Structure formats: structure tokens, C-alpha cells
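> Please work out how this folds:
(chains A and B)
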Amino acid sequence: MFSKLKIIGAAAMGTGLALSASVAGAEKLVVSNWDGYMAPGAIDAFNEATGNEAELVLHGTNEEIMGKLIASKGKGYDVVFVSSPFAEVLHNLGLAEELDHDKIPNIENLYEQATQLSHDEGNTFSLPYAWGTTGLCYRSDLVEGTPDSWNDLLKPTDALSGKTTMLATDRWLLGAAMLANGYSVNTTDEDELATVRDQLIETKGTLLAYDDTTFYAKLVSGEAELVQAWDGWCNYGIAENADIKYIIPSEGSDLWVDTMVILKNSEHKEAAYAFVDFILDPANHGWAAENILYKVPNKPAMEALSEEFVTQFPNMGITPDQLLKYEQLRDVGEAQRAYSRTVSEIKAN
Amino acid sequence: MTDRKPLYLMTPALVWLTAFMVVPCLLILALAFFRRGIYGGIEYTFTMENIALVFDPLYAGIFLKSAWIAGLSATIAVVIGYAAAYAIAAAPSRRQATLLFFAVLPFWSNYLVRTYAWIVMLNREGLVAGIAAWLGYDGELPKMLYTETAVVIGLVYNYLPFVILACYAPLSRLNPEIAEASRDLGGGGWTTFRRVILPMTVPGIATGFVFVFVLSIGNFVTPALLGGGQFQMIGNLVYAQFLTANDWPFGAALSMFLIAIMMGLLTLQTFATERASGARRED
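All right, here's what the predicted structure looks like:
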């Protein structure tokens, strides 16, 4: 989901791993994650604490790691970080380990709501790592009034026209128009998709660009004034300009969840369990909240955030109850081709 | 007895090309005839569906659009590049090397960096807008970045040095006495250029044009960055099939057609070059 993640102040990571001499009984664990999505020292700290030899490999996108996992039947990897629709696919393909909660004592730290996620109720094959919403991120000093509807983005005023961006990734691009029309963000209904397509073709003429990676920088520079954004990424703009604000439109948002999955074909399951348990330790899990400004579903970790921090980044205060009101993006199976086609129709027009 | 030396010398290159060019292309070709699995894998059942889908008006339209942008970029690049190459070839020979050096200087920096530089220049708060404001222009400039024009500018800029080099080669080899002979026979400057110099340098023009066209039609970085993702070129479509839609078979089918177009053009270019040099021999 969060390809090409930009982190604030996190140095290049993944160096110096697995170089130390082999310790008897040490397990060589392979963890795949997005660049910068966990603390730079997390792997070393884990190795030191458990005597394992975990190695971090990076993937740029969900699709990239999925391609490798499907081709290798999940061999060669032990723990992967993927967004929930992809965790679902791994489960459906029989590649995800059925989790034994007894081996993950820190699972206690998860909010109760984080065990009720629609893609995996009871966390049978995935553990949520971060979650959040997709909404509007805007310059409150430049935009008149408060944009509180998806239609403020889809049908912008003349003053805003040419100063808005939308996410380029299929699911969220379509999602904005699905939500505006009151449809499910997982709809596969042809007529609904046609309505969504027509709306987005119309909207395209008013956009500055489609942008997945630099929209917050465009807000900071003033090039854009209102953008479709993931809440965590809007925070990167807020960090640079306090006039930037985030709002969930009245029609709602999707709930996105990034998860950790242990592969069924892992040959180092004990170490893999130890690793996910290590991440769920509030001290480690909280790193993501404090440093990459994403909400984590870890109760003690979120409660440890300072009031000042939550005031600066109000969307960090969105409660689990609020999050759970929104529909999660699910794997749409065969309908993916219809989604891709719809996006091509929009972009080719 | 035939000399086998050329064969031995060619073996490493042939092995290399077979392993890393021919085999992967055949794999892509094969992939185009399988089905996409429900979850994005490949289902090994034969289908013509992906090939048929390429001819769907939507995707065929994207091919045409890409060809239009690539053709426009190549034409502009050839006009600018040929003029530059002509000027370089006409300069005193001791200065030609320096001028060529400057022509290819941009290649020393990364393609992405060069493309981002255009974003810095063209965006609404960018260099061009800044200069316009400094010169006293206070209205809103037309949107420059994230347009088709920006994409064409980016492609022309990035590939121009290829054209200059391609056109410079035949221009610099032209025997000045030929132009002199044309003038002696009463040909004016324009006639000499049009009827003598231009025909003799067609191979360079063809090479330059085909280079830019082929590199542009499959390009996905420039349309993504300078086009703001607002229109898809065929490269973006292929990219999306492999990296976001997880539809490798359809991506493979699109790639095969793209490769076919490129091969067709390269063949035509070889043909044009052959004809031109053949014509010269007949003269």
C-alpha cells in the first residue's frame, strides 16, 4: 500500500545484517518489508535479544513481493509485511501460516478492534501493523471553507480547479468516487463502476496531477491546495506547515490496514513467531507511530504518545472505534481486471 | 577453406544475446497466451484473450496516442538535432569535438534527475513562473507542467543528443567537394542542401528518428513525471499490468506488440539506410 514510503529522518537501513559469525542454533530469518517501515535498528535489536540472524529484504510495492511469493510458493521468506487485501490473497492461496496465538504473547497489546478486522476476524493469519484512513489533506490558509465532502475534490470550485491531486493507485482513485456515490469501496457492479468512471473522467480535467508520492510536498509548495491523501502521509505535510489539515469527508473513508504475515512454508517458524511478537512489543511498535506518523493498532504504544504530538497531528487521535466504522479494501479477485480497465479508460480519456 | 575466426569472435556476444535477450523475449511471448490467475498468478491454460484485448479500441487507442507522442517528439528532435549537427559539422574541425562534447554533456547526469529538473522549471511555483513574475508578469501563466506538451518537451530534451550524434556522423563524412560540384553546376544553397546533402544524410536522419521514436513509445517515466500520470502511454500501461494490476499475461501481450512495432521500425530504418548507400554506389 505504502510503496516508496518516505520517512522523516530515518537513515538508510538494512546494512550490516547477518554478517556476524553464525551462532549455534541461530535461525536465519528473512523478513520482507517496505523501506523505512520499521525502526532502522529493529532487526539488530531483535537478533541481539533472541540470538537469531534475521535479515531484512525490501520490497517497493505489495505487487512486487506478491509476485515473488506466488512464484516461490512462499519459500525463502519467513515474515512479510503486506496490505490486508494481499494478506487475504496469501491466505486464499494457502501460503499464510495459521497463527498460534500462544506463541505471540504480545498480541495482548492489540486493540480489541484490531482483532475484528473484516479481512481476518480473530487474526487467524495476519497481524495488523498499521492502520488508517484516506481523506482530504488541504491548505486551510488557501482553501476557502472546510472541504468536507469527496465532491469538494471531485467537483472542485473554479478557484480550486487545477490545484488538486488524486492518488494514482487504482483502488484509492476509484475509491474516492465510490465513496462520493455511497457505493462500497469493493463494488464490482458494472453500472456503479461506469458511474465512477464517468465522474472521474470529468474530474480529471480539473486535476493538477495524479500523485501517490509527492502530494504533500505539492501542498507545502502551494502548487496544490487540496489533495486526496492517506492520513499518515498528510502528517508529513503538517510537519512542515501547520496550516495543512486533514479531514475525513462526510461520506467516509476506506480503512486501510498493513499487516504482518508468517509464511506457511517458512523453515524458521519459531524465529518468525518471535519476530512478530518482538514487533508487537509497544516499545518497537510505537516507533512507527512516532517516526512515520502512522497509527498503529497497539494500545499501550498509542497511549504512550504525548498529548502534544497528538495535538500536532490530530489524525493520530482517530480512535479504533472510528476506524472500524469504515469499510476495508478487500481483494476483489477476478474484478481486478475490470478495475484496471476502468482506470485505463479514465487515464486514456 | 573458410575462416572460422569471425564465428569464434562472435560467440560471446551471441551467447549473451541469446541468454538475456532472445530467451526472455520468448518467455514474454509464451506468457501472452496464458490466463491470469484469480489472485494475479499465471494459470497455465491456453487463451487468445490477451491478444484480442490488445485490439480493444481502448488499448489500441493508447497505442495510437503513444505513437503520436513518440512521432511528434522524434520529428521535433530530428529538426532541432539535424540543424545542430549541421552547424557542428560546418564549424572549424578543431572546435567540433568540443561542441559534440557539450551536445552529449546532459548524458552525464541521470535521466530521472534531468526529468525532475523540468518539474522544477515548469511547475506553477517554479523557475519559469518565477522569472515571469520577476519580469513583471502578474497574471496566471497557462498550465505548463503535467500536460502533453511537457511530456513532448521532456522526451525531445532527453533524446536530442542521440539525434545530434546520429546526424553528425554522415554530415561530417560528406566530401565538401560534392557540395562544391553542385554549386559549380548551378545549384543554389537551398538546392544543394535539398538535392545533395539531405539525401546523402538520410541514414543519419532515419537512425535519429527511429531511435527517438522507439525510446519514446515505450517510455513510462517521462509521462508519469511530466504528464502527472494524466495520460497513459503504452509503457505506463505495460508497467501497470506488471506492477499494479498483477496481470502479467496481458502485460506480456502488450509488450509483444510494442516489441513488434519497434522491430518493424528498425527493419525499415535498416532498409532506408541500405537504399541510401545503394543509391550512392549507383551514382
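> those strands in chain B, which residues are they?
Ranges of strands within chain B are B:34-36, B:42-46, based on DSSP state E.
> Quick one, which of these gets closest to chain A.
strand B:34-36 (7.1 Å; CB to the nearest CB). The way it works is simple: take the backbone N, C-alpha and C, and place the C-beta from them, glycine included.
> Give me the sheet partners of the closest one and which way each runs.
strand B:42-46 (antiparallel) (DSSP bridges).
> Chain B contacts on the stretch 151-300 of chain A?
Contact residues (CB under 8 Å from any CB of the partner chain) of the stretch 151-300 of chain A with chain B: A:162, A:165, A:168-170, A:204, A:207-211, A:221-223.
> Let's see that with 6 Å instead.
For the stretch 151-300 of chain A, the contact set with chain B under CB under 6 Å from any CB of the partner chain comprises A:168, A:209-210, A:221-223.
> Name the member of the residues you listed that has the highest neighbour count.
Most neighbours among those, by other CB atoms under 10 Å in any protein chain shown: A:Ala209, with 25 neighbours.
> And A:Leu110, its phi and psi?
phi -70, psi 140 (degrees, to the nearest 10).
> List the contacts of it.
A:Pro297 (CB atoms under 6 Å, 6 or more residues apart in numbering or on different chains).
> What's opposite it in the beta bridge?
A:Asn298.
> pLDDT weak spots in the stretch 1-150 of chain B?
Applying pLDDT under 70 to the stretch 1-150 of chain B picks out residues B:1-3.
> can you rerun that using 90?
B:1-8, B:36-43, B:93, B:106-108, B:120, B:122-130, B:132-134, B:136-144 (pLDDT under 90).
> Spell out which parts of it neighbour chain A.
B:38-39, B:41, B:58, B:61-62, B:123-125, B:146.
> ok, residues contacting stretch B:44-60?
Under CB under 6 Å, 6+ apart, the answer for stretch B:44-60 is A:345, B:32-35, B:249-250, B:253, B:257.
> Save these as CSV, and put in distance to A:Gly333 and neighbour count too.
Putting the contacts of stretch B:44-60 into CSV (distance: CB to CB, whole Å; neighbours: other CB atoms under 10 Å in any protein chain shown) gives the following:
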residue, distance to A:Gly333, neighbour count
A:Glu345, 20, 18
B:Ala32, 22, 23
B:Phe33, 22, 18
B:Phe34, 18, 19
B:Arg35, 14, 16
B:Pro249, 16, 24
B:Phe250, 16, 27
B:Ala253, 21, 26
B:Phe257, 27, 18
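> For B:Ala67, state which of those is nearest.
Using CB to CB, B:Phe257 is the member of those that lies nearest B:Ala67, at 11.3 Å.
> which residue sits closest to that closest one in space, ignoring its chain neighbours?
B:Val54 (5.5 Å; CB to CB, 6 or more residues apart in numbering or on different chains).
> That neighbour: neighbour count?
Other residues within reach of B:Val54, judged by other CB under 10 Å, total 18.
> Now chain A against chain B: closest residue?
Closest contact between chain A and chain B, by CB to the nearest CB, is at A:Ala209 (2.8 Å).
> For the residue of chain B found nearest chain A, give me its contacts.
Distances between chain B and chain A by CB to the nearest CB are smallest at B:Gly228, namely 2.8 Å. Contact analysis of B:Gly228 by CB under 6 Å, 6+ apart lists A:209, B:146.
> Of the residues of the stretch 1-150 of chain B next to chain A, select the buried ones using a ChimeraX command.
Buried members of the residues of the stretch 1-150 of chain B next to chain A, defined by 16 or more other CB atoms under 10 Å in any protein chain shown, are picked up in ChimeraX with:
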select /B:38,39,41,62,123,124,146
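> and the residues of the stretch 1-150 of chain B next to chain A, which of them are in helices?
If you go by DSSP state H, those have B:58, B:61-62 in helices.
> Show the contacting residues for A:Leu331.
To be clear, residue A:331 is Asp; Leu isn't right here. A:85, A:88-89.
> and the longest strand that chain A contains, how far from the chain's centre?
Longest strand in chain A, counting residues (DSSP E): strand A:127-139. Chain-centre distance of strand A:127-139: 7 Å, with CA atoms, centre = their mean, to the nearest Å.
> Residues contacting it, please?
Contacts for strand A:127-139 (CB under 6 Å, 6+ apart): A:114, A:147, A:172, A:219, A:225-227, A:229-232, A:234, A:243-244, A:246-248, A:253-254, A:257-260, A:276, A:288, A:294-297.
> Identify all contacting residues around the helix or strand that that strand is followed by.
Counting by DSSP states H and E, the next helix or strand C-terminal to strand A:127-139 is helix A:150-154. For helix A:150-154, the external contacting residues (CB under 6 Å, 6+ apart) are A:164, A:176, A:179-180, A:199, A:203, A:228, A:249, A:251.
> related to what we said a few turns ago, which of the residues of the stretch 151-300 of chain A next to chain B has the weakest pLDDT?
Among these, A:Ala168 has the lowest pLDDT, at 88.
> what's near enough to touch that one?
Counted by CB under 6 Å, 6+ apart, A:Ala168 has contacts A:210, A:212, B:229.
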